[in-house]
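Asker: how would this look folded up:
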Amino acid sequence: MRWGSLAVAVAALLLALTPAGSAAQQHSSAGVFTGYGFDACTAPSTKALQAWSASPYRAVGVYLGGVNRACGDGNLSSTWIATTLGMGWNLLPLYVGLQAPCVSQSKLQHISTSLTTAASQGRAAADDAASLAAGKFALPDGSPIYFDMEGYPANNASCTKVVQAFVTGWVNELRAQGFVPGVYGSAASTIRDVSTLGSALPDAIWIANWNGVEAVFGDPYVSDSLWTNHQRVHQYKGGHNETWGGATINIDSNYVDGAVVSPIAPPPPAPPPPAGSVGSGDGKSTATWTSGAFSSTAVVTLTASAPPSPTGYAVQLSVTDSQTSAPVTRFGAPVSLHLAVPANGLAPSFSTDGTTWKALPKATPGIDAGYTILGDGTVEIDTLVPGYFGLLADTVPPSRPDGVAGKFVKGALRLTWNGSTDNAGPIVRYDVLLDGTPSAHVPGSARRVTVRAFHSSGPTVYRIRAADLAGNASIASKAVVVVPAKRPTDVPKVLPRWAWQLYASQHGSGSRPTAAPHKLPAWYWHWAAWRSAPYRVKQ
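Answerer: Below you'll find the predicted structure:
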């Protein structure tokens, strides 16, 4: 049977499984997988694959056979395949047959330069691959098999024609055998040459281009208009060691959006990198992070660092990707640093280089790093970025008290204000300044004070100033100015005795004097009002 595309192949396979009971007997199927995959020369052990459940990979390439196969079966068997599929892995079967005649690498067997023979050799390779897949390894009908045609000179026209004849035989025969024909090879030679085969166009391609791009489209050698329906794999990184769950494998890295042998049950999602914590080694600080703080498994280092002031304390937080060793410059969730050193007026601070420091703000949503003073006086810093963090000598004064206002209550001035804030802890006191000189002090929790000292012959100026634990004083608040109230002009220069006695009796002291007239003069009421409030707040 012939299938024009991978989608048709998968659909045909699913239709074939519809009779009662047949689907239930299947442990795998041909399908499509999108995500990360790797291939290795020999099939890893199932123990190693179990450890690699901590990795982002969920597909693995395996070599079924071929005359130019570099490694033997090793762990690979029908039992290994069933176990691996049962663990949720997708498989990318490969077959390494005859190579292009223009490849000069020694000990390789080559395709014939005769186009007729080359086509025949392609069909023979397909028959052998299908036999291995169905018989030896029990892969289901419709599984993809990728022919591994390694790169060759791109400027050899006769070589190109031989490869095209061979791949045409491979594609047509593998389709006839009931499998999905795929081709692996260099983007600049193999994939370029097979992209013009028309009806013999492979149903799936595996592009080798080690450009580090984790995607299947956008290759300069392969048109995005071909193989558009989940028919691509991109090998973006060549041979290198990776370690996951304590197991190290030498692999090529791939991004997959194409044909695979899939487990019937969908594979479990890659778990987020685990939560963890690390100490600074001096017992004075700890970094803690939650699961998902980093996009991949990371190495977190917390190192005590020399602070710029002798009374301070500092640490360096650095994070690197365990796979690439590249620095992680931003986190997905905050890392919490607990500095088990009482602040005692030291300022929580941050530096990118350990030399130039700036004060940290208090922790609030939406900022890269901020601090909280805990109940025992130690400091918790939540940060989305690496760098240097520490407690430095506080030289930053508190914020200026604002909202200062004054109001006379029963002849005394009541001053009120809004609280100040400080970068390194609480406000310890407020100074009440009389004409610029401290005249009283109130606790840092206070928000008002009553004063009674005024100049009878001129203005009296009151301000409020905040002070922090380190003794830094804020800028003084705006002034509340008190001035004497003007004596009414109609009041006699010398008051009669009865006026003083009457004022006293009206304010609860003594009886009404007999000398006071029954009808009081207007000046008396003007004088009494002025006597009750001889000062006013200047607006």
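Asker: mind listing what's buried in the longest helix seen in the chain?
Answerer: For the chain, the helix that runs over the most residues, judged by DSSP state H, is helix 157-176. Neighbour-count burial for helix 157-176, counted by 16 or more other Cβ atoms under 10 Å, picks out 159-160, 162-175. Where C-beta positions appear, they are placed from N, C-alpha and C, glycine not excepted.
Asker: Over to stretch 188-196?
Answerer: 188-195.
Asker: With stretch 513-522 instead?
Answerer: Ala516.
Asker: can you give me the mean pLDDT across it?
Answerer: Over the span of stretch 513-522, the pLDDT mean works out to 91.
Asker: Not counting its own residues, what contacts that stretch?
Answerer: Residues from elsewhere that reach stretch 513-522 (Cβ atoms under 8 Å, 6 or more residues apart in numbering): 490, 496-499, 501-502, 505.
Asker: rerun at 10 Å
Answerer: Residues outside stretch 513-522 that contact it (Cβ atoms under 10 Å, 6 or more residues apart in numbering): 488, 490-492, 496-502, 504-505, 524, 527-528.
Asker: Buried ones from these, can you make that a PyMOL selection?
Answerer: Applied in PyMOL, the following selects the buried portion of these according to 16+ other Cβ under 10 Å:
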select buried, resi 491+498+499+501+502+524+527+528
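Asker: what distance separates the start and the end of stretch 40-51?
Answerer: End-to-end distance for stretch 40-51, by Cα to Cα, to the nearest Å: 16 Å.
Asker: what's the average pLDDT for that stretch?
Answerer: Rounded mean pLDDT across stretch 40-51 is 94.
Asker: buried stuff in it?
Answerer: For stretch 40-51, by 16+ other Cβ under 10 Å, it's 40-44, 46, 48-49, 51.
Asker: Save the residues you listed as JSON lines, and put in distance to Ser439 too.
Answerer: Output for the buried residues of stretch 40-51, formatted as JSON lines (distance: Cβ to Cβ, whole Å):
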{"residue": "Ala40", "distance to Ser439": "82"}
{"residue": "Cys41", "distance to Ser439": "86"}
{"residue": "Thr42", "distance to Ser439": "87"}
{"residue": "Ala43", "distance to Ser439": "86"}
{"residue": "Pro44", "distance to Ser439": "81"}
{"residue": "Thr46", "distance to Ser439": "82"}
{"residue": "Ala48", "distance to Ser439": "78"}
{"residue": "Leu49", "distance to Ser439": "79"}
{"residue": "Ala51", "distance to Ser439": "73"}
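Asker: so where do the helices sit in the stretch 101-250 of the chain?
Answerer: 115-131, 157-176, 192-194 (DSSP state H, counting those that start in this stretch).
Asker: could those go into JSON lines alongside mean pLDDT?
Answerer: Shown next, in JSON lines, are these (pLDDT from 0 to 100):
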{"stretch": "helix 115-131", "mean pLDDT": "97"}
{"stretch": "helix 157-176", "mean pLDDT": "96"}
{"stretch": "helix 192-194", "mean pLDDT": "96"}
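Asker: still on that earlier bit, when you check the contacts of stretch 513-522 against the helices, which ones overlap?
Answerer: Counting by DSSP H, the contacts of stretch 513-522 contribute 497-502, 504-505, 524, 527-528 to helices.
Asker: a markdown table for the buried residues of stretch 188-196, including distance to Ser477?
Answerer: Listed next are those as a markdown table, based on distance: Cβ to Cβ, whole Å:
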| residue | distance to Ser477 |
| --- | --- |
| Ala188 | 73 |
| Ser189 | 78 |
| Thr190 | 78 |
| Ile191 | 74 |
| Arg192 | 76 |
| Asp193 | 81 |
| Val194 | 80 |
| Ser195 | 77 |
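Asker: quick one: Val428 and Gly471 touch, right?
Answerer: Yes - with contact defined as Cβ atoms under 10 Å, Val428 reaches Gly471; the gap is 8.7 Å.
Asker: For these two, list the residues in contact with both.
Answerer: Gly345.
Asker: higher neighbour count, those two?
Answerer: Val428 (18 against 10; other Cβ atoms under 10 Å).
Asker: other SSEs contacting the helix or strand the more buried one falls within?
Answerer: According to DSSP states H and E, Val428 maps onto strand 427-434. Under the contact criterion of 3 or more Cβ pairs under 10 Å, 6 or more residues apart in numbering; DSSP states H and E, strand 427-434 touches strand 437-443, strand 448-451, strand 460-468.
Asker: what mean pLDDT would you report for it?
Answerer: Here the average pLDDT along strand 427-434 is 94.
Asker: Ok, which of the helices of the stretch 101-250 of the chain comes nearest Pro327?
Answerer: With Cβ to Cβ as the measure, helix 192-194 is the member of those nearest Pro327 (36.7 Å).
Asker: contacts for that closest one?
Answerer: Contacts for helix 192-194 (Cβ under 10 Å, 6+ apart): 100, 147, 149, 152, 154, 159-164, 166-168, 170-171, 183, 185-186, 200-202, 205, 219, 221-223, 226.
Asker: what comes up buried for stretch 443-459?
Answerer: Counting neighbours by 16+ other Cβ under 10 Å, stretch 443-459 gives 444, 446, 449, 451, 454 as buried.
Asker: In TSV: these, plus pLDDT and distance to Arg512.
Answerer: Shown next, in TSV, are the buried residues of stretch 443-459 (pLDDT from 0 to 100; distance: Cβ to Cβ, whole Å):
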residue	pLDDT	distance to Arg512
Gly444	93	50
Ala446	95	42
Val449	96	38
Val451	95	34
Phe454	92	30
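Asker: between those residues, which is closest to Asp73?
Answerer: Gly444 (76.9 Å).
Asker: Find the nearest non-adjacent residue to that closest one, please.
Answerer: Leaving aside its sequence neighbours, Gly444 sits nearest to Ile427 (Cβ to Cβ, 6 or more residues apart in numbering; 3.8 Å).
Asker: Turn the helices of the stretch 101-250 of the chain into CSV, columns for distance to Gly292.
Answerer: As requested, those are arranged in CSV below (distance: least, Cβ to Cβ, whole Å):
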stretch, distance to Gly292
helix 115-131, 42
helix 157-176, 43
helix 192-194, 41
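Asker: Show residues contacting stretch 327-335.
Answerer: Under Cβ under 10 Å, 6+ apart, the answer for stretch 327-335 is 272-273, 275-278, 287-296, 298-300, 302, 317-322, 363, 367-370, 381-387.
Asker: Make a ChimeraX selection of the buried ones in the residues you listed.
Answerer: Buried residues within these, by 16+ other Cβ under 10 Å, are selected in ChimeraX with:
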select :272,273,276,278,287,288,289,290,293,294,298,300,302,317,319,320,322,363,369,370,381,382,383,384,385,386,387
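Asker: Just want the most central residue of the chain.
Answerer: Nearest to the geometric centre of the chain sits Gly332, at 2.1 Å (Cα atoms, centre = their mean).
Asker: quick one: secondary structure of that one?
Answerer: Counting by DSSP: H, G, I helix; E, B strand; the rest coil, the backbone at Gly332 sits in coil.
Asker: Pull up the per-residue confidence for it.
Answerer: So Gly332 comes in at 91 (pLDDT).
Asker: I'd like the distance between it and Thr288.
Answerer: 15 Å (Cβ to Cβ, to the nearest Å).
Asker: What of Thr79?
Answerer: Counting by Cβ to Cβ - Thr79 and Thr288 are separated by 43 Å.
Asker: cool, Ser277 as well?
Answerer: 4 Å.
Asker: likewise Ser457?
Answerer: Distance from Ser457 to Thr288, by Cβ to Cβ: 65 Å.
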